[in-house]
Structures are given as structure tokens and as C-alpha cells.
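S.K.: fold the following, please.
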Amino acid sequence: MAEPWLRGTLTELDPLRRGLMHSLQMASEDVARWCAGLSDAEMETRPFGLPSVGFQMRHIAGSLDRLLTYAEGRQLNEEQMAALAAEMVEGKSREQSIAEFDGAMHLGEDRVRAFSPGSYAEARGVGRKMLPTSVGGLLLHCAEHTQRHVGQLVTTAKVVVGMREG
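M.R.: Below is the predicted model:
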């Protein structure tokens, strides 16, 4: 099957939101594919000191939430700060991790749909220092950041499987 961006879907959306949505769909498909055969323990394995697959999933989901919060013109709340601190915490099953990841991707897609192209140039601040960016910049970074960490997740998953089989 072709990658999401080659399927001719989401044509009702402008190119920026369509690209971001396709990126989130690709992330979900890659996570499902590469985590399918991993055990709970393998999800948290850190081969050669690499961040674990489980961490990458938690980080992708949490980062998407945080970046969209900034794009919406809000600052992070206490719950989001606690989730950020918990990204390194292990202990969830593969099924729990995947369910939480999938839920974050679906919620993220709903939030992305709420933006309008007319808002892309609106100024936004990121973090406590309110580093300057725009709505469009944040949406673009959502796609880029998600794909960067999915690539790391896939690489770690391949190493874990190789160690098991090797």
C-alpha cells in the first residue's frame, strides 16, 4: 500500500494540514508495524544506550500534545508538565503504550483539523521563555518532530529484533 501522502486522501484540507495529517498517519502505521512483535520488556530495552521504543512512543505523543497546545495559543498545564516528566518512566505493557499512542494521534488529528490556513502567520511563543514562532511553524514542526522520533523508534526496534534473533 502506498504511503498516506500518496493515497490522494484528505483533499479537503490545505497542503500544510494535509501534510501534517499524513505524517501522523504514517507514524501510526510505522509504530503498529514495528512494535507488533515486540514484548513488553523489548519495548523498554535500550540497546547500546539508545532511547527505548516505549520512550519514543511516549515522547511522540507528549510532544504532539505540547506543540499543538502552543499552536493553540496556550501554555502547558500541570498535567502536561507531569506527562513530560513521566516520559522516561517505564512499566506499561505494549498494548497500553500502543493504545495511548494511537489515542494521542487521533486527538492530534482532531486538533489539527481545527486550525485554519488564515491562522498560520499568527505569532506564538514556545516554552517559559516564549521563544518566537508562528502557528504554521508549530504545525510544520509537529510533522518534522514526529517523523524524526518515529525514525529513531524504528531503528531501535530493528536493533532489538536483531539482538533477539542474532
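S.K.: CA atoms for contacts and neighbours, from now on please.
M.R.: Noted.
S.K.: moving C-terminal from the helix-or-strand element of the chain with minimal mean pLDDT, which element do we reach first?
M.R.: Every helix and strand of the chain was ranked by mean pLDDT, DSSP states H and E. The lowest is helix 78-86, at a mean of 92. Remark: after helix 78-86, the chain's next helix or strand is helix 94-113, criterion DSSP states H and E.
S.K.: let me know the pLDDT of the spatially most central residue of the chain.
M.R.: By Cα atoms, centre = their mean, the mean C-alpha position of the chain lies nearest to Ile60, the distance being 3.1 Å. Looking at Ile60, its pLDDT reads 97.
S.K.: for the one 3 residues further on, same thing?
M.R.: At Ser63 the predicted local distance difference test score is 97.
S.K.: for the protein, just list every one of the helices.
M.R.: 15-35, 40-43, 53-71, 78-86, 94-113, 135-165 (DSSP state H).
S.K.: what comes into contact with stretch 31-49?
M.R.: 52-55, 90, 92-94, 98, 150, 153-154, 156-161 (Cα atoms under 8 Å, 6 or more residues apart in numbering).
S.K.: let's see 6 Å
M.R.: Ser52, Val53, Gly54, Ser93, Arg94 (Cα atoms under 6 Å, 6 or more residues apart in numbering).
S.K.: just to revisit the earlier point, can you list the buried residues in the least confident helix or strand of the chain?
M.R.: Of all the residues in helix 78-86, those buried under the rule 16 or more other Cα atoms under 10 Å are Gln80, Ala83.
S.K.: that one to helix 53-71, inter-axis angle?
M.R.: Helix 78-86 runs at 150 degrees relative to helix 53-71, counting by axes from the mean of the first three to the mean of the last three Cα atoms, to 10 degrees.
S.K.: just how off-centre is helix 78-86 within its chain?
M.R.: Centroid displacement of helix 78-86 relative to its chain, using Cα atoms, centre = their mean, to the nearest Å, is 16 Å.
S.K.: likewise for stretch 4-21?
M.R.: Distance, centroid of stretch 4-21 to centroid of chain: 17 Å (Cα atoms, centre = their mean).
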